[in-house]
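Student: what's the 3D shape of this:
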Amino acid sequence: MSVTVLVGSQWGDEGKGKIVDILSEKYQIVARYQGGANAGHTVAIGDKQYILHLIPSGILRENVICVIGNGVVIDPTALLEEIALLEKNNISVDGRLFISQNAHLIMPYHKLIDSIEESGENKIGTTGRGIGPCYIDKFARKGIRIVDLLNRKSLEEKIRKNLEEKNNLLKKVYDRDALDVEAIVKQYLEFDKIIDKYIKDVPTFLNNAIADGNSILLEGAQGALLDVDFGTYPFVTSSSPTSGGAC
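Tutor: The predicted model follows:
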């Protein structure tokens, strides 16, 4: 078969990153399909150790193309840090890393709300990186996607609208200071300038790759027992790490 899915069978930390690194020698494309920057896939090559949170582990193989799919929620800060780390170690991502235009962006308010809720009495053990709140906005149809970065006017409107709601929540429910709208708009417009070259119509790209007979390895984050539908609810993640989530 041209497509293989690698799924953790427990709660994560089964060593998926290492297995992806080994298997990626046999694949042309490695695609990450869900989760966010909470997944730390650690791979050691010689005396170098790489910890990848968003970029698929296959990036360490110079002939492999890596894809961040639309099921992933992306923290711009974490993504840019990973790209910088790889380039510092002479691993180029240009022409080898593609990001789905439909992937959702983690915003500063997602991380703040996540950390506030996790510090309360009803904590469930999240990493506080804004992943759950980002998925909430995605399914509430309020999310900001990578494609929104391509339209400055639309991006500003969406950020301002979302911040009006989130700042009310922060001030009136959590008794916290409001976030700076202008600073966040500026931050994400700057992010857009850097990642434009990585944005791609990933579903079309992968379907064409399959039609052309290319081999694809799909890399999941966490494990099956953290699946939002089939895992140890409520102590689960906010996406589907199973093969169903890969589809």
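Student: hey, let's count contacts and neighbours off CA atoms from now on
Tutor: Noted.
Student: For the longest helix along the chain, C-alpha coordinates in PDB please.
Tutor: Determined from DSSP state H, the single longest helix within the chain is helix 152-172. Extracted in PDB, the C-alpha atoms of helix 152-172 (Å, rounded to 0.1, in the frame of the first residue of the first chain):
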ATOM      1  CA  ARG A 152      -4.600  40.900   5.600                       C
ATOM      2  CA  LYS A 153      -8.000  42.700   5.900                       C
ATOM      3  CA  SER A 154      -9.900  39.500   6.700                       C
ATOM      4  CA  LEU A 155      -7.200  38.400   9.100                       C
ATOM      5  CA  GLU A 156      -7.400  41.600  11.100                       C
ATOM      6  CA  GLU A 157     -11.200  41.500  11.200                       C
ATOM      7  CA  LYS A 158     -11.200  37.900  12.500                       C
ATOM      8  CA  ILE A 159      -8.500  38.600  15.200                       C
ATOM      9  CA  ARG A 160     -10.300  41.700  16.400                       C
ATOM     10  CA  LYS A 161     -13.700  39.900  16.500                       C
ATOM     11  CA  ASN A 162     -12.300  37.000  18.400                       C
ATOM     12  CA  LEU A 163     -10.300  39.200  20.800                       C
ATOM     13  CA  GLU A 164     -13.400  41.200  21.700                       C
ATOM     14  CA  GLU A 165     -15.000  38.000  22.900                       C
ATOM     15  CA  LYS A 166     -11.900  36.600  24.600                       C
ATOM     16  CA  ASN A 167     -11.000  39.800  26.300                       C
ATOM     17  CA  ASN A 168     -14.500  39.900  27.800                       C
ATOM     18  CA  LEU A 169     -14.000  36.400  29.100                       C
ATOM     19  CA  LEU A 170     -10.600  37.200  30.500                       C
ATOM     20  CA  LYS A 171     -11.800  40.400  32.300                       C
ATOM     21  CA  LYS A 172     -15.200  39.400  33.500                       C
END
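Student: And the next helix or strand past that helix?
Tutor: Following helix 152-172 in sequence order, the next helix or strand is helix 181-195 (DSSP states H and E).
Student: what's the offset of that following helix from the middle of its chain?
Tutor: Helix 181-195 sits 18 Å away from the centroid of its parent chain (C-alpha atoms, centre = their mean, to the nearest Å).
Student: Would you mark the buried spots in that helix?
Tutor: Residues of helix 181-195 classed as buried by neighbour count (16 or more other C-alpha atoms under 10 Å): 181, 184-185, 188-189, 192, 195.
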